[in-house]
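Asker: need coordinates for the following:
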Amino acid sequence: MRILVVEDEHRIAQTIKKGLEQERYAVDIAYDGAAGYDLASTEDYDMIILDRMLPEMTGMEVCTKLRKKDNHTPILMLTAKSQTTDKIDGLDAGADDYLTKPFSFEELLARIRALSRRPKQSLNTKISIKDLTLDRQSFQIFRENIKIQLSGKEFSILEYLMRNKGKVISKQQLIDHVWDFEADVLPNTVEVTMRNIRRKIEKPFSNKKLVIKTVRGFGYKIE
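Answerer: Okay, the predicted model is just below:
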């Protein structure tokens, strides 16, 4: 899952990024509203954490402009303002949720999970495809009730493929959703990571059908 954090206070932005990366999220940061809007308009994010008071362009303006462009990425708005009218203004501008500063990181995670579970995103904590089960909350994977150990990036790739069951996912889509904007990732990196995933979730179960299929010239899919 790839998240954009738009926050002008560098310490807060870096703290959020570090914490979310420990939770297996890919995170990009923008330190002003204009840069945040540009990234949100040109990159594919699963969620945006957006501060209300920003230089160049306010969070309210960013949110309003994105919604007018039919960008429906879930937006969690951060603010130091706790008045009900301020929250209403943010929600009316198109934000999906509102979190008042100061906040605990645990509450931020809970809000992210809550937004992720909304039906329009088709996201659930646990995903099962036949005998393969992935739990986003505990970061555990089981096949035939046998626990499988994956690295952070391997887990994120498998999760994205499972959430898009039946769809062909290109290498570039995997790069866009699993690695952050600044990462220098080559297509070969995806191939190597995919081989490692298959070695762990397919090789020990040789009597079973393959889980991940390669669609030559296009990408990968799970059926």
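
Asker: going forward, measure contacts and count neighbours with C-alpha atoms only.
Answerer: Will do.

Asker: from the middle of its chain, how far away would stretch 88-101 be?
Answerer: Mean-position distance between stretch 88-101 and its chain equals 20 Å (CA atoms, centre = their mean, to the nearest Å).

Asker: now do the same end-to-end measure for it.
Answerer: Across stretch 88-101, the terminal residues are separated by 16 Å (CA to CA, to the nearest Å).

Asker: list the buried residues for that stretch?
Answerer: 90-91, 93-99 (16 or more other CA atoms under 10 Å).

Asker: can you give me the strands for this structure?
Answerer: Applying DSSP state E to the chain gives strands spanning 2-6, 26-30, 47-51, 75-79, 97-100, 126-129, 132-135, 140-143, 146-148, 212-215, 219-222.

Asker: and the second one, how far out from the chain middle?
Answerer: This points to strand 26-30. On the basis of CA atoms, centre = their mean, strand 26-30 sits 10 Å off its chain's mean C-alpha point.

Asker: looking at that strand now, give me its mean pLDDT.
Answerer: Per-residue pLDDT over strand 26-30 has a mean of 94.

Asker: confidence-wise, which of the strands of the chain is weakest overall?
Answerer: Note on the strands of the chain: strand 126-129 shows the lowest mean pLDDT, a mean of 85.

Asker: who does it pair up with?
Answerer: Neighbouring strands of strand 126-129 in its sheet, by DSSP bridges, are strand 132-135 (antiparallel).

Asker: what residues does the partner strand touch?
Answerer: For strand 132-135, the surrounding residues in contact (CA atoms under 8 Å, 6 or more residues apart in numbering) are 125-128, 140-144, 159.

Asker: please apply the same query to stretch 178-189.
Answerer: For stretch 178-189, contacts defined as CA under 8 Å, 6+ apart pick out 1-2, 25-28, 153, 156-157, 171-172, 175.

Asker: now those in TSV, with neighbour count and distance to residue 189?
Answerer: Output for these, formatted as TSV (neighbours: other CA atoms under 10 Å; distance: CA to CA, whole Å):
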residue	neighbour count	distance to residue 189
1	18	18
2	23	18
25	21	18
26	25	16
27	26	19
28	22	20
153	18	11
156	23	14
157	21	12
171	17	9
172	14	11
175	19	9
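
Asker: just give me the closest of these to residue 36.
Answerer: Nearest to residue 36 among the contacts of stretch 178-189 is residue 28, at 9.5 Å by CA to CA.

Asker: in the sheet, who's paired with the closest one?
Answerer: residue 4.

Asker: quick check: it vs residue 110, distance?
Answerer: According to CA to CA, residue 28 stands 20 Å off from residue 110.

Asker: understood, closing this out.
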